[in-house]
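Visitor: sequence first, then the predicted structure:
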Amino acid sequence: MANPESDDFSIHIKDRMFACQLQGRELAPLDTTTLMTIGITQSKDRASKIIASCKRRGIITAAGRPDTRCINGDIMAAMPTISVPQVKQLVRLLFFWEEEFVRWDMLHREQEQLRALLAATELDDATRMELEDALQVLKVRQGVLPSQRDAGGGVRATTDEHLPSYVEARAQRHNHILVRDGGR
């Protein structure tokens with residue numbers, strides 16, 4: 001099934017969901033609160049039934065992650081308690097959240113690789129500093145709201161605020177060290 005795009009699932013809903021689901025250092029699994037937060041239903045009981053139905057069909061894993069490969073034409077019959085527009089919004093939610101988990105996992109793996117490199121004792125100071133800067137950039141990217149991302153998943157610069165790129169962060173850190181160490 002193709003990823004359904006619609007104005008009904010706006011960037012504001014994505015931001016609200018991401019902010020709600022970001023709990024500490026990990027993304028939260030899909031649950032009744034998720035469905036109520038983005039307006040698929042206002043009833044906790046109905047949200048529980050929807051989540052249970054999705055889990056029975058494998059659309060949501062036991063860990064609360066979407067598996068959109070399990071979505072098929074029978075989804076309307078699987079969701080008898082919500083309307084067609086609500087099912088469409090649910091499907092958009094499932095595709096969006098699956099993409100968020102893929103993005104999150106990729107950034108997490110990159111951070112693990114950098115931490116492993118940093119654990120090596122034979123790094124010179126410049127290399128260590130470069131790896132630490134790259135790790136910081138990844139940490140920032142992980143928590144960026146969907147509305148603040150560019151097409152490649154990076155941080156979109158706005159006129160009001162500008163998060164530094166990797167090169168800018170590295171240059172700022174290098175300048176800070178030069179000032180702190182007296183230019184040596």
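Guide: That came through fine.

Visitor: for residue 16, give its distance to residue 37.
Guide: 6 Å (Cβ to Cβ, to the nearest Å). C-betas here are computed from N, CA, C, even on glycine.

Visitor: residue 114 contacts residue 135, correct?
Guide: Yes - if you go by Cβ atoms under 8 Å, residue 114 and residue 135 touch, sitting 4.6 Å apart.

Visitor: mind checking the SS state of residue 72?
Guide: Under DSSP: H, G, I helix; E, B strand; the rest coil, residue 72 falls in the coil class.

Visitor: can you tell me how far it is from residue 56?
Guide: 14 Å.

Visitor: do residue 135 as well
Guide: Distance of residue 135 to residue 56, given as Cβ to Cβ: 40 Å.

Visitor: between those two, who's got more neighbours?
Guide: A direct count of neighbours by other Cβ atoms under 10 Å for residue 135 and residue 56 places residue 135 higher, at 17 against 10.

Visitor: does the more buried one touch residue 113 like I think?
Guide: No - taking contacts as Cβ under 8 Å, residue 135 lies outside contact range of residue 113: 9.7 Å.

Visitor: strands along the chain, start to end?
Guide: For the chain, strands defined by DSSP state E occupy the ranges 22-23, 26-27.

Visitor: just say which of the ones you listed is most tucked in.
Guide: strand 26-27 (a mean of 16; mean count of other Cβ atoms under 10 Å).

Visitor: can you give me the buried ones in the lengthiest helix in the chain?
Guide: Secondary structure of the chain per DSSP state H: the longest helix is helix 84-119. Using 16 or more other Cβ atoms under 10 Å as the test for burial, helix 84-119 gives 86-101, 103, 107, 110-111, 114.

Visitor: what's the spacing between residue 122 and residue 113?
Guide: Distance from residue 122 to residue 113, counting by Cβ to Cβ: 17 Å.

Visitor: report pLDDT for residue 124.
Guide: Per-residue pLDDT puts residue 124 at 84.

Visitor: look up how far residue 81 lies from it.
Guide: According to Cβ to Cβ, residue 124 and residue 81 sit 61 Å apart.

Visitor: and residue 75, by the same measure?
Guide: Taking Cβ to Cβ, one finds residue 75 at 13 Å from residue 81.

Visitor: what of residue 139?
Guide: 40 Å.

Visitor: ok, now residue 30?
Guide: Applying Cβ to Cβ, the value for residue 30 to residue 81 is 17 Å.

Visitor: cool, residue 125 as well?
Guide: For residue 125, the distance to residue 81 - Cβ to Cβ - is 61 Å.

Visitor: contact partners for residue 62?
Guide: Residues in contact with residue 62, defined by Cβ atoms under 8 Å, 6 or more residues apart in numbering, are residue 55.

Visitor: and it, how far from residue 146?
Guide: Plainly put, residue 62 is 26 Å away from residue 146 if you go by Cβ to Cβ.
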